[in-house]
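Novice: Based on what follows, work out the 3D shape:
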Amino acid sequence: MKTIKKNLFLTGLILVAVLVFSSCGSSTTKEKPATSTEVAKVQYTCPMHAEVISDKPGDCPKCGMPLVEKK
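Specialist: Down below sits the predicted model:
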């Protein structure tokens, strides 16, 4: 009778260990969505000269107007 309880205990312990380790490998959490800065870089352009594109704000090299964010 003692060995049956011991075997039952060991079997239950192994079952719990298998369940714990198998659940560690799967991820049920959703990934964080990328922020707007990660999705697309902001670009700036001249309202008068659409061919002027810059990664940072400043003035248009052709006419001197301030660059605006490209949408």
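Novice: alpha carbons only for contacts and neighbour counts from here, please
Specialist: Noted.
Novice: Low-confidence ranges, the protein, go.
Specialist: In the predicted model, the chain carries pLDDT under 70 at residues 23-40.
Novice: where exactly do the helices run in it?
Specialist: Under the criterion DSSP state H, the chain carries helices at the ranges 2-25, 36-39.
Novice: For G58, which of those helices is the nearest?
Specialist: With Cα to Cα as the measure, helix 36-39 is the member of these nearest G58 (19.1 Å).
Novice: Just name the most buried of the helices of the chain.
Specialist: For those, the largest average neighbour count (mean count of other Cα atoms under 10 Å) is found in helix 2-25, namely a mean of 11.
Novice: neighbouring contacts of that one?
Specialist: The contact list for helix 2-25 (Cα atoms under 8 Å, 6 or more residues apart in numbering) is empty.
Novice: circling back to that earlier point, is it possible to export the helices of the chain to TSV including distance to T45?
Specialist: Shown next, in TSV, are the helices of the chain (distance: least, Cα to Cα, whole Å):
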stretch	distance to T45
helix 2-25	47
helix 36-39	18
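Novice: do you know which of the ones you listed lies nearest C63?
Specialist: It's helix 36-39; of these, that one is closest to C63 (Cα to Cα) at 28.7 Å.
Novice: distance of the residue lying farthest from the centre of the chain from E69?
Specialist: Ranking residues of the chain by C-alpha distance from their mean position (Cα atoms, centre = their mean) puts M1 at the top, at 55.0 Å. To E69, M1 is 80 Å away according to Cα to Cα, to the nearest Å.
Novice: go on, N7?
Specialist: In terms of Cα to Cα, N7 sits 71 Å off from E69.
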